[in-house]
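Visitor: need coordinates for the below:
(chains A, B and C)
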Amino acid sequence: MALLKRKNKNSEEIPSTPYTKTTLITQIIMTIIAVLFLSPLAMILNYSFKTKKELYLNSPLALPEALQFDNYVKAFDKLNMQTTFVNTLFYTAASVLILALLCGTTAWAIARGKGKFFKFSYIYFIVGILIPYQALFLPIYTIGYKLNLTNTRHGIIFMYVATGISFGVFLMNSFMSTVPLELEESARIDGCSVFRTYFTVVLPLLKPAMATLIIMQSFQIWNDYLLASLYVSKKQLKTLTVAIQSLFSAQTSDYTTAMAAIVISVLPIAILFLSLQKYFIKGMTVGAVKG
Amino acid sequence: MRRKVVSALLTLSMVAGMFAGCGSSGSESADTAADAKTEESAKEADAKEEASAEEAADEEVTLTILAGQSTTDAGIEDMIGEALAEKYPNITLEWECVDWGNDFQPKMQQYMQSGLPDIMIGKAQDVATYAPLGVLGTIDDTYLDRGLDAARENVTIDGSTYGLVYNALYQGVYYNRAMFEENGWEIPDTQEQLQAIIDDCKAKGITPFASHMVDTWSIGNVTMQFMMNDVFNNTPDWGDQFREGKVKFETDKAAQTAYQYNKLIFDNTYPETFSLEQTECDAKMVQGEAAMKVSGSWSIQNFLGIDENFDFGIFPFPNQTGDSKLIFEPNITIMTSAETEHPDAVNAVLDVLTSDKELATEIYDYTMTASMLKDVTPTFANPSQSDIDKYAAEGRIVDVTLGNNQLVWGGFQEENAKDIASWLLEELSFEDALKASDVRVEASKAN
Amino acid sequence: MNRRKSSGMERKMSRQYLVLVLPGFLIFTIGLIIPLFLSFRYSLTDWDGMSAEMKFVGLQNYVKLFHDKEFLESFWFTVKFTIGNTIIQNICALLFALALDSGIKAQKFYRAAFFIPCLISAVIVGFVWLKLYSNVLPEINTWLGTNINFLLFGDADTVLGGLLIANNWQWIGYWMLIYLAGLQSVPAELYEAARVDGAGPIKRFFNVTIPMLAPAITICVVGITIGSLKVYDLLISSTKGGPGRASTSMIYQTYTTAINGRQYGYGSAMTVTLVIMLLLVALIQVKGLKKKEVQA
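Guide: Residues are numbered from 1 along each chain as shown, chains lettered A, B, ... in the order given. Alright, predicted model coming up:
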């Protein structure tokens, strides 16, 4: 109850009340929490600069004696970075682009199409969110090799699209009510086909939703472990997360390298988020309000 | 402004996608070219069926290899690749390296459906699992003869040998030699002698055993060591009897004793053993915090990696009758697919592995393991070698593959180890842990 | 005449919509739905996952499931993990969102600080917390001379708590963003109106904020529940289901049974059970929460 009370005071300040004592207290509390949240990240960074000797002889909390990038060089080498990084980037970019294209059109068509099939499709896709593909790995593999999809680039992309599409359609569908029907109708009167209507009228209005979709799918695919380990196990097709996981089990003795590898793998996706943050949050707003 | 940024980003991501797309299509066409080449070579090989390996050696061949590796093995794939490139530049190896404990079995299960890779590297016990399914090829005597005879025993089924054992590990109790000398401790042969050392350790504030029970595999591993000396030494077909219902964990005193040794370790190790990882555990041992560690050769890499001057020896964990043997485990075992399209190229790989002594020495030194090839001895200084030689001379060495074939690792030993962990943490009674092992009887068979 | 034309046009449009839906529909069906049906088929057999033989055993695997102590244990662990996550993550995410929305400075910094952990792979998160608990945090005891037990992964009683901390660290920021987005879209006039009506802060929170957040609450509750029921990645590089079996989730148990234990048919029965469970839970939650939304 006490907790609730404090929280209520906070919400009282909405939207632009002056900076009061309560705001200051909130600010201090949140700063402490934020520092706690960031400390594991600081630890990763700290370890990534330590030498193996420091790891065992110095206190775990001590800072590295010198700023040396040996671990990064080693991580780069051990992870076969020039291959795994490009692979992961390609799988992610291609899957996300296809997903952005497919989810938008599918969700829109489902929202606009009349008939039982479209209603059924909506439920069909939504149920997909609940299916734990993690538990279906063997039949997923069976299907994959029968269609010659295993150990190919298009195969893994196909799987990312298949497992990501249900959530994407759900997300896009919840945005469709923000697209005014009148605009579509006037486009149609102008003689636009359904396809052209989508690309010229609807798609531009879906930008925030697209940003949300791109970020959410990007980090999920970038970080995926299970599908990647199942579908692309050849050395020249491997992804970063799979390579890092094998580094964890193979290099228990030398986890400073693993820490450097973590930093390298998280950076690109963090940069993507920070640069798209504004649109992402806008997209979230629509999603959260429309449900 | 906002629109500009979005469009810029979209363009960027599209460009990136196209760029990446180009990259991929390029490499894909390269792949297909390679495929076409291999197909061609296969055709040609068919054409001159009687052609010798020497002649076929000129064709470009790509072989796929699935390597289930232990922590010490990562890195040997490059050594093998280099050595092969020297002798057979036309053969390219396409490696897929996975962790043996976690991922080898799942990968094999996958490939069982789509076709096995040309070569698989696992452990000796894998032969008993996969050979009866008819998917493994036999290994030619030419290559087997270059290895030690002992290597054949447990990878031979009905007269055919399906695995080439390349190196071996020793398992037992590693001890801090300097500490033993300082305190005047003798190598224990019996449980009483071991208990005396433990008591003395405790009196002096030394942790008797280093252990890292956070790793369930380590509990499973030491339990098999105990089972070897207290159960399989007397009853080599204990597993068969177990499946026939003649013996049970719930009633078999010897098997229970083997389980109970885990408690002895647990009561005399670091209190944080269930949070302690292998390397930290080994580091503590090297720094003199603990006197002994029930483990295997994989620890040597760690010990010497932390302190190259660390002096240690090895002795078998004493059993009830005082006649324990040192455990010997054939490790890297090369298996071939029964349906490989390039038998000559596969044989060329086996040839390099068994005949290139430089390569063999390099691998043994790197992994710090024992040789299973004739006339090849690793050159790294292994402080425990003198002890191994002593036990070998006395004939006190036993191959753990026997036990691993009698009671299989995946699905049985591994699961039992989880119950043992629960029992040590008092989440499960000892009786229930034994019962759980009995219930699992179906899963104990290699095949 | 006119009518026929428009219905013809509608048919044409309908066909075009169909063309737009079909590719996604097919990919989804092949990649996920067919494997699900395959799984159901395997669950009626005693297949080991490798050999060519496969015997039909009917519903035997499902019957076995309800007497399997290990499976039931993994079920309870998953349920406890899910309930813990749903409560902690929702409350914390909402509290954080309220705090960030209360007019504090540098909102962006906090937003990024809380969100970044969820950009990291769960495999990595597990590994990082393993190291934190076993290596880094105990050092704090040495510094402060305290005796706090940080070895949370090392004991069956604390491992759930340890995993909850790791999981919440990863995901609170994500759900916080959704709540934040919901909060910022509440029209200020509503609060004003409530204030004019003489509603105190508590009343305003329950009468204005919560109802306006209802869609966000639905998303968060369902999302967290479903995500937690599927937990697997987090475990493979941290506790590996241990110590003993104390942190074995349903999917983890399925994996060890189907693959390591070579009981593929039986493992498939676990999968199907889990899918049914997920469907039921989601259905109940969505129904319940939507009802609340309407009432509010």
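Visitor: ok, residues contacting stretch C:119-132?
Guide: A:40, A:43-44, A:47, A:219, A:222-225, A:241, A:244-245, A:248, A:255, A:258, A:262, A:265-266, A:269-270, A:273, B:277, C:117, C:153, C:162, C:165-167, C:169-170, C:233-239 (C-beta atoms under 8 Å, 6 or more residues apart in numbering or on different chains). For the C-beta atoms, the positions are set from N, CA and C on the backbone; glycine is no exception.
Visitor: let's see that stretch as CSV, backbone CA atoms only.
Guide: Provided in CSV are the C-alpha atoms of stretch C:119-132 (Å, rounded to 0.1, in the frame of the first residue of the first chain):
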residue,chain,number,x,y,z
LEU,C,119,18.7,-6.5,-26.8
ILE,C,120,21.1,-9.1,-25.5
SER,C,121,20.6,-12.8,-26.3
ALA,C,122,19.1,-14.8,-23.5
VAL,C,123,22.0,-17.3,-24.0
ILE,C,124,24.4,-14.4,-23.1
VAL,C,125,22.3,-13.1,-20.2
GLY,C,126,22.4,-16.6,-18.6
PHE,C,127,26.1,-16.7,-18.9
VAL,C,128,26.6,-13.2,-17.6
TRP,C,129,24.5,-13.8,-14.5
LEU,C,130,26.3,-17.1,-13.9
LYS,C,131,29.5,-15.2,-13.7
LEU,C,132,27.9,-12.4,-11.6
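Visitor: is the closest residue in space to A:Lys235 that isn't next to it in sequence in a helix, a strand, or coil?
Guide: Take A:Lys235 and drop its neighbours on the chain: the residue closest to it by C-beta to C-beta, 6 or more residues apart in numbering or on different chains is B:Trp95, 5.2 Å away. Each residue gets one of three states, and B:Trp95 gets strand by DSSP: H, G, I helix; E, B strand; the rest coil.
Visitor: which ones are touching B:Trp95?
Guide: Residues near B:Trp95 by C-beta under 8 Å, 6+ apart: A:Lys235, B:Ile65, B:Ala67, B:Glu77, B:Gly81.
Visitor: how about residues contacting the helix or strand hosting B:Thr279?
Guide: Using DSSP states H and E, B:Thr279 maps to helix B:278-286. With contact meaning C-beta under 8 Å, 6+ apart, helix B:278-286 is reached by A:56, A:252-253, B:71, B:174, B:176, B:207, B:210-212, B:215, B:218, B:270, B:273, B:290, B:293, B:299, B:302-303, B:306-307, B:310, C:134-135.
Visitor: please repeat the previous calculation with a cut-off of 7 Å.
Guide: A:56, A:252-253, B:176, B:210-212, B:215, B:290, B:293, B:299, B:302-303, B:306-307, B:310 (C-beta atoms under 7 Å, 6 or more residues apart in numbering or on different chains).
Visitor: mind giving me the PyMOL select for the contacts of B:Trp95, buried ones only?
Guide: Selection of buried members from those for PyMOL, criterion 16 or more other C-beta atoms under 10 Å in any protein chain shown:
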select buried, (chain A and resi 235) or (chain B and resi 65+67+77)
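Visitor: would TSV of the contacts of B:Trp95 with distance to C:Met270 and secondary structure be doable?
Guide: Below are the contacts of B:Trp95 laid out as TSV (distance: C-beta to C-beta, whole Å; DSSP: H, G, I helix; E, B strand; the rest coil):
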residue	distance to C:Met270	secondary structure
A:Lys235	33	helix
B:Ile65	33	strand
B:Ala67	30	strand
B:Glu77	35	helix
B:Gly81	40	helix
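Visitor: pull the most distant pair out of the contacts of B:Trp95.
Guide: Within these, B:Ala67 and B:Gly81 form the most distant pair, 11.4 Å apart (C-beta to C-beta).
Visitor: hmm, back to that, drop anything exposed from the contacts of stretch C:119-132.
Guide: Judged by 16+ other C-beta under 10 Å, buried ones among the contacts of stretch C:119-132: A:40, A:43-44, A:47, A:219, A:222-225, A:241, A:244-245, A:248, A:255, A:258, A:262, A:265-266, A:269-270, A:273, B:277, C:117, C:153, C:162, C:166-167, C:169-170, C:233-239.
Visitor: in helices, which of the residues you listed appear?
Guide: A:40, A:43-44, A:47, A:219, A:222-223, A:241, A:244-245, A:248, A:255, A:258, A:262, A:265-266, A:269-270, A:273, C:162, C:166-167, C:169-170, C:233-236 (DSSP state H).
Visitor: hmm, back to that, and the helix holding B:Thr279, which residues are buried?
Guide: Neighbour-count burial for helix B:278-286 flags B:Gln278, B:Thr279, B:Glu280, B:Cys281, B:Asp282, B:Ala283, B:Lys284, B:Met285, B:Val286 (criterion: 16+ other C-beta under 10 Å).
Visitor: so where is the chain shaky, pLDDT-wise?
Guide: Defaulting to chain A. Applying pLDDT under 70 to chain A flags the ranges A:1-18, A:56-58, A:249-254, A:283-291.
Visitor: correction: the question concerned chain C.
Guide: Scanning chain C with the threshold set as pLDDT under 70 gives C:1-7, C:292-296.
Visitor: got the residues of chain B near chain C?
Guide: Residues of chain B lying near chain C by C-beta under 7 Å from any C-beta of the partner chain: B:105-106, B:109, B:112, B:133, B:214, B:216, B:272, B:274-277, B:410-411, B:414, B:418-419, B:421-422, B:425, B:427, B:443.
Visitor: in ChimeraX, select just the buried ones from the residues you listed.
Guide: ChimeraX command restricting the residues of chain B next to chain C to the buried ones, with burial defined by 16+ other C-beta under 10 Å:
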select /B:105,106,109,112,214,216,272,274,275,276,277,410,411,414,418,419,421,422,425,427,443
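Visitor: the residues of chain B next to chain C: which ones sit near chain A?
Guide: Counting by C-beta under 7 Å from any C-beta, B:Glu277 from the residues of chain B next to chain C sit close to chain A.
Visitor: in strands, which of the contacts of helix B:278-286 fall?
Guide: When these are checked against strands (DSSP state E), the matches are B:Asn176, B:Ala290, B:Lys293.
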